[in-house]
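Q: predicted model follows, preceded by the sequence.
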Amino acid sequence: MMNPPKAIPSPRDTLLPFLSEAQAAALPYSPNLLPGARDVDTPYGVMRVYEWGPASGRKVLLVHGDTTPGPMLGPIATALAQKDCRVMVIDVWGRGYSDSPKGVHYDIRLFSMQLLFATASSSLSWTGSASGGFSIIAFSLGCAITMSFASKFPYLINAIILLAPAGLLRRMPDGYGSIFFRYPWLVPFTYIRKLVGNILEVNLASLPIKPAGSDGVNLTALDASLRSQSTEIESLDVPAIVQWQFDNHQGFVHSFVNTIKHRSLMHQSSEWRNICNIIKGESSGMPGAALPSKIYNSKILVILGDADGIVVAKEVSEDLEQMLGPEHVEFRTVPGGHGFPVPSHAEVIKHILEFWGLDVVN
């Protein structure tokens, strides 16, 4: 008797095998949009990882949010690689080219384990005693994942930078509070898909890309229309990537709804307090271990959008200052709403380099 599949496959398996190289390159999220792509098999499914930059450079892991895949942080990663950092970008479960695990809770534990899978898959040592540890730059949901991971593995991390951090939200974003996200079996999947589509502001009438002849769709004719602008990472079309993911990742809606259901965006104060106590030097993070003399330079950097209506700057500042004290957290603000890491990536990079004491000028 065959074992049931452990995951809903990503477009890596359901779409790419049916496209030519030119057609794949024309996708809003082409499979080689970022350098150093690899697919990592895990007990939960296959995940997509990108890693590039000098092998001897400062190691930096970038973790994205709940609606967009890894390339959203691509411009930041690219700029850091140009500053001689060794960068790693992942697609979290159910996004981009990572599968959607089945039969599991999409809680912080599942996503935190994914960071271990990613770093352990490298040919370089990211977690060994001689590696020097690594830094994490995270956005939105990725911040909740990062703070949980760091609270359990504090000696692997040498710096934390949070962009529009979710995890301590005082209220859910518009549309996220639907009772049907908690009890999705009460309504047809088509209704759940519509609710998610409305949150993402995608075209619900858009159709998945299919092989020629399978549904009357001619892929050759799509080559010119799939992508009307450059796929260079500096000119990301985020709405097009979101639409492509919504249409073509068969597990995305499942993963998105389950992430909301298991409260990964809120109520994470226990995990956050653990790592904040370590940063302040009040806890070692390991039973019986001595307090670390220096960790993260005893400070984290938080970058916020001045028009973000989801992660509100005033609320985040109040909550984190209460946990850390003003001497252990530095806040900076850039123009934009919740999606600021793409349009304001130059400002974000400037703040990161200044925080690390690196030369801002190329």
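A: Alright, I've got the coordinates.
Q: what does the pLDDT read for residue 297?
A: For residue 297, the pLDDT comes out at 62.
Q: again, but for residue 285
A: Per-residue pLDDT puts residue 285 at 60.
Q: same thing with residue 225?
A: Note for residue 225: predicted pLDDT of 44.
Q: may I see the buried residues of the strand or helix carrying residue 316?
A: Using DSSP states H and E, residue 316 maps to helix 313-324. Of the residues in helix 313-324, 313, 316-317, 319-320, 323-324 count as buried by neighbour count, 16 or more other CB atoms under 10 Å. C-beta: built from backbone N, CA, C; applies to glycine.
Q: kindly reformat those residues as CSV containing distance to residue 170.
A: Formatted as CSV, the buried residues of helix 313-324 follow (distance: CB to CB, whole Å):
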residue, distance to residue 170
313, 13
316, 9
317, 12
319, 8
320, 13
323, 14
324, 18
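Q: where does the spatially closest residue to residue 324 that is not a sequence neighbour fall, phi/psi-wise?
A: Among residues not flanking residue 324 along the chain, residue 276 sits closest, at 4.9 Å (CB to CB, 6 or more residues apart in numbering). The phi and psi values for residue 276, taken as degrees, to the nearest 10, are phi -60, psi -40.
Q: ok, now which ones touch residue 276?
A: Going by CB atoms under 8 Å, 6 or more residues apart in numbering, residue 276 touches 320, 323-324, 328.
Q: pLDDT averaged over the helix or strand that comes right after the helix holding residue 316, what's the number?
A: Next in sequence after helix 313-324, counting helices and strands by DSSP H and E, comes strand 329-334. For strand 329-334, mean pLDDT rounds to 95.
Q: can I get strand 329-334 as PDB, trimmed to CA atoms?
A: Extracted in PDB, the C-alpha atoms of strand 329-334 (Å, rounded to 0.1, in the frame of the first residue of the first chain):
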ATOM      1  CA  VAL A 329      16.000  48.200  20.500                       C
ATOM      2  CA  GLU A 330      16.500  50.800  17.700                       C
ATOM      3  CA  PHE A 331      13.500  52.000  15.600                       C
ATOM      4  CA  ARG A 332      13.800  53.500  12.200                       C
ATOM      5  CA  THR A 333      11.000  54.500   9.800                       C
ATOM      6  CA  VAL A 334      10.900  54.500   6.000                       C
END
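Q: quick one, it and helix 313-324 angle?
A: Interaxial angle, strand 329-334 versus helix 313-324 (axes from the mean of the first three to the mean of the last three CA atoms, to 10 degrees): 170 degrees.
Q: list the buried residues in the helix or strand just after strand 329-334.
A: On the C-terminal side of strand 329-334, the closest following helix or strand by DSSP H and E is helix 345-356. For helix 345-356, the neighbour count (16+ other CB under 10 Å) marks 345, 347-353, 355-356 as buried.
Q: with stretch 42-62 instead?
A: Neighbour counts over stretch 42-62 (16+ other CB under 10 Å) mark 42, 44-53, 58-62 as buried.
Q: ok, now stretch 178-196?
A: 178, 181, 184, 192-193, 195-196.
Q: and which of these is nearest to residue 335?
A: residue 196 (28.2 Å; CB to CB).
Q: for the one helix or strand residue 109 maps to, enumerate the helices and strands it packs against.
A: According to DSSP H and E, residue 109 maps onto helix 108-120. Applying 3 or more CB pairs under 8 Å, 6 or more residues apart in numbering; DSSP states H and E, one finds that helix 108-120 makes contact with strand 37-42, strand 45-52, strand 58-63, strand 85-90, helix 141-152.
Q: report the backbone C-alpha coordinates of the fourth one in PDB.
A: This points to strand 85-90. What follows is strand 85-90, C-alpha atoms only, in PDB (Å, rounded to 0.1, in the frame of the first residue of the first chain):
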ATOM      1  CA  CYS A  85      27.500  39.000   2.500                       C
ATOM      2  CA  ARG A  86      26.600  35.400   2.100                       C
ATOM      3  CA  VAL A  87      22.800  35.600   1.800                       C
ATOM      4  CA  MET A  88      20.100  32.900   1.900                       C
ATOM      5  CA  VAL A  89      16.400  33.500   0.900                       C
ATOM      6  CA  ILE A  90      13.700  30.900   1.400                       C
END
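Q: now the angle between helix 141-152 and it, please.
A: Using the same axes, to 10 degrees, strand 85-90 lies at 110 degrees relative to helix 141-152.
Q: next secondary structure element downstream of strand 85-90?
A: On the C-terminal side of strand 85-90, the closest following helix or strand by DSSP H and E is strand 100-101.
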